[in-house]
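Provided below are the primary sequence and the corresponding predicted coordinates.
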Amino acid sequence: MAGPDNKDTRSIELTDEQLKQIVAEADTGGRKPTGFTAQLLLVVALAWSLFQLWIASPLPFSLGVFVFNDTESRAIHLGFAVFLAFAAYPAFKRSPRDRIPVVDWLFAAAGAFCAAYLFIFYKELAGRPGMPTTTDLVASVVGLTLLLEAARRALGLPMVILAVVFLGYIFFGPYMPEVIAHRGASLAKGMSHLWLTTEGVFGVALGVSTSFIFLFVLFGALLETAGAGNYFIKSAIALLGHMRGGPAKAAVVASASTGLISGSSIANVVTTGTFTIPLMKSVGYRADKAASVEVASSVNGQIMPPVMGAAAFLMVEYVGITYVQVMKHAIVPALISYIALYYIVHLEALKMNLQGLPRREPLPWQRVAVTTTMTVSGLVILSAAIYWGLGWAKTVLGESAFLVMGALMLGAYVAIVRFAAKYPELHMDKPGETMEYLPEIGPTLKSGLHFLLPVAALIWNLMVEQLSPALSAFWATLFLIFILVTQRPLFAFFRGTGNFGATLKHGFKDLFDGLVTGARNMIGIGIATATAGVIVGTVTLTGIGLAMTELVEILSGGNLMVMLILVAVICLILGMGLPTTANYIVVSTLMAPVIVELGAQTGLLVPLIAVHMFVFYFGLMADVTPPVGLASYAAAGIAKSDPIKTGFTAFGYSGRTAILPFMFIFNTQLLLIDITDAFHLILTIVSATLASMMFAAATQGWFVTKSRVHESLLLLLVTFTLFRPGFWMDMLYPPFEEVPPTELTRLVEQAPRNANLRVWVEGISLEGRDISKGVLLPLGEPAANARERLNQMGLTVMALGEDVQVAAVRFGSQAEKLGLEQGFTIKTIELPASNRPDKEWMFIPAFALLGLVWFVQKRRARREPAPRVAA
């Protein structure tokens, strides 16, 4: 086996400048013009950030000036994104980086004008809906063409090719294969649908980018500028670096922490990888494995709330639930995926008998264990502390709680900075610099505690004040701006170093840099959400979603598992080369309805959030898949390894993420759905975590010691049972019992908060198809009567003898998203079987089997010599 520093002919080595260029070309644009041009781009980026802060604030409505509706805001948002895309991203590899050619200035101006066309001529367009003029069509065709060119520059060819394929499908529908053929559309109809309405480019996805995503990306950019990213990395190294393979474990935790504030896996790789990858190699990790750990943990940042690569905000609109609920459903799979990766790193260290880095002074294990646990579970602990520890303040103080907590936050900020000023300021080490001893835990953790306050403010606004995500992010960002400007003067004051004018000036420079960086980080996301609107518009115009359902149904032959595997593979293919945001829009638009429809026909009734999480996870897995993954290329450049080999190794490490979607589709308790009490919650989290770890052990071929084939198979059996105990219980007891539909009113009124009710419906759809399927009705909050509670989801029913019929379905409601239509008849209701034991009893034989494997391997490990350290 080659040592960690050995190279082969395919390995690459990138300088720090080249790595920054990779991030720039992928996230913010690779051009670095000078002089007036550079200043102009900075001003445009700053203006974009200020515009987004303005429309998110209450000021426009309070003052009655510069009030923009949703459509106008989306048009201006896209105008900024297109202008900066042409200005910041060169057309080709040989295009100049130090200046902007004239043709790009023309493209930028024309693209911005066409994007802002809906804003400039909003009243005129509102007066002639569906009747575009020649000027409208010219603006639409030119605008869409320039949008695709901007997407090619900012996102790469895969996104453009996918959009062009769907555009072709709109206009050449009659010439398509019979299973997906349609009548086709004229140029006027197609272009006006895609560009002049809110069904295509300016649809929900761009609206979410305008309303929510920008503010959270800006929040992350300001936190990074303030120094939070470096703080997270140093804290993880200080806490975990002493363990077996400690730098790799620190890389996992640091990437999880920076993933909270970063929407880019590539930036995450370069930010943490330049520090952690050389440290991993220094303790014995092979170059490609060190790079792969960083890639897997950085890409996993896209599934970690609160940002989730911006997909969380899109789920709010597509699924019809609140942002806090999305975070609640996403947190457990994200955490257990990171824990499993942490365990994989530990197993790799055991295989090679790797050690950690030394401390200057050994610490008691109890202290290290407590601080490590708090770091790994920091977001959950912080959220729980705010919600249950401070939530009472809202009840006691009422409307004034916001002002009181704001004052307390300011006081806490000053007190924490005064406390932190006693310790040295953290500085980012140079890439590749040798670390002889780990940083001290106490001084490292205490030096940056004030970075947690803006996160705490965000959690307070979301969970206690229950403000909208946009308004929550706005107030948290304002607090962060205050911290960014004042932290240096405050530290100077408490440390007695003086020079307040210079530190205050530095603070305003940090603010300026953060606002500009936040805007430039949004270029790709803004372009991605707009381009993905072409796919969404195609689906609404042509009905290809129904055709995709029929195609998968034919290929799967009605088999549920085959159908899910087919959907997973299609999501992998569709997601290759797409950024996270566009990735989710595409796979959720095309594949989520397939699972809902075909699953309903076979009895797989799950909440919409589970379906959307399923397609999101598999679309995201494409980020790791070679040869497309740019994150693997960047990590390989730091590790001096082969990028293709790195990609395949990272894909292997990501296998524990790939099994999660299948498990939470069949066991929605992993998404914290239908959890009855605290014990049930703890049991679900512990069993799921153990299952993910045992899957890692089985696939890595190592548990206590090197596993034999039959032991790995037994560990896979334990994994399956812990993830899906209901599979075995279904063989012994039927899971449901039927009750007549006349019981619907009573059941709806008696159901607890956020309960789901399984019903089977029949009828003829608007397309004339005979429908017979199951539907899981989300009942939401309790209401005065059944009628009001059903109306919350947009459903109205009426009794017809022994049957209950759907009388009306509100447009855009949850009921419509579930595929219910007026005239459908509810034939039966299914309730959990009353005489069935809890499925968790199946954990007992699973734990017994796990104990047997552990005992056998423990005995064998005592007789075997310890593995040698890799050369």
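Yep, it's here. Residues are numbered from 1 along each chain as shown.

what about the longest helix in the protein?
helix 500-542 (DSSP state H).

could you point out which element follows it?
Beyond helix 500-542 in the direction of the C-terminus, DSSP states H and E gives the next helix or strand as helix 544-556.

who does that next one touch, helix- and strand-wise?
Using 3 or more CB pairs under 8 Å, 6 or more residues apart in numbering; DSSP states H and E, the elements in contact with helix 544-556 are helix 560-575, helix 580-590, helix 592-602. Glycine gets a C-beta too; all of them are placed from N, C-alpha and C.

7 Å instead?
Using 3 or more CB pairs under 7 Å, 6 or more residues apart in numbering; DSSP states H and E, the elements in contact with helix 544-556 are helix 560-575, helix 592-602.

out of these, which is the most enclosed?
Of the helices and strands packed on helix 544-556, the one with the most neighbours on average (mean count of other CB atoms under 10 Å) is helix 592-602, at a mean of 21.

who are the packing partners of that helix?
With contacts defined as 3+ CB pairs under 7 Å, 6+ apart, helix 592-602 has these neighbours: helix 544-556, helix 560-575, helix 608-621, strand 770-780.

quick one, the second one and helix 608-621 angle?
Here helix 560-575 runs at an angle of 50 degrees relative to helix 608-621 (axes from the mean of the first three to the mean of the last three CA atoms, to 10 degrees).

residue ranges of the strands in this protein, please?
736-739, 755-764, 770-780, 795-800, 803-809, 825-832 (DSSP state E).

so the fourth one versus strand 770-780, what angle?
Read it as strand 795-800. 120 degrees.

chain center to strand 795-800: distance?
38 Å (CA atoms, centre = their mean, to the nearest Å).

from here on, call the first residue 57.
Sounds good: first residue 57 from here, last item strand 851-856.

same for it, what does it pack against?
For strand 851-856, the packing partners by 3+ CB pairs under 7 Å, 6+ apart come out as strand 859-865.

now the strand it packs on: buried residues?
For strand 859-865, a neighbour-count test (16 or more other CB atoms under 10 Å) marks V860, Q861, V862, V865 as buried.

what of stretch 87-103?
Neighbour-count burial for stretch 87-103 [16+ other CB under 10 Å]: R87, P89, L97, L98, V100, A101.

how about residues contacting it?
Identification of contacts with stretch 87-103 by CB atoms under 7 Å, 6 or more residues apart in numbering yields 136, 139-140, 143-144, 146, 153-156, 568, 571-572, 575-576.

swap in 6 Å and give it another go.
A143, A144, P146, R153, R155, I156, L571, V572, A575, R576 (CB atoms under 6 Å, 6 or more residues apart in numbering).

stretch 809-823 too?
Residues outside stretch 809-823 that contact it (CB under 6 Å, 6+ apart): 661, 827-828, 830-835, 838, 877, 879-886.

how about 8 Å then?
602, 661, 663, 729-730, 792, 797, 800, 803-804, 807, 826-838, 862, 876-877, 879-887 (CB atoms under 8 Å, 6 or more residues apart in numbering).

just the buried ones from the residues you listed?
The buried subset of the contacts of stretch 809-823 - by 16+ other CB under 10 Å - is 602, 661, 663, 729, 792, 797, 800, 803-804, 807, 827, 829-836, 838, 862, 876-877, 880, 882-886.

perfect, that will be all.
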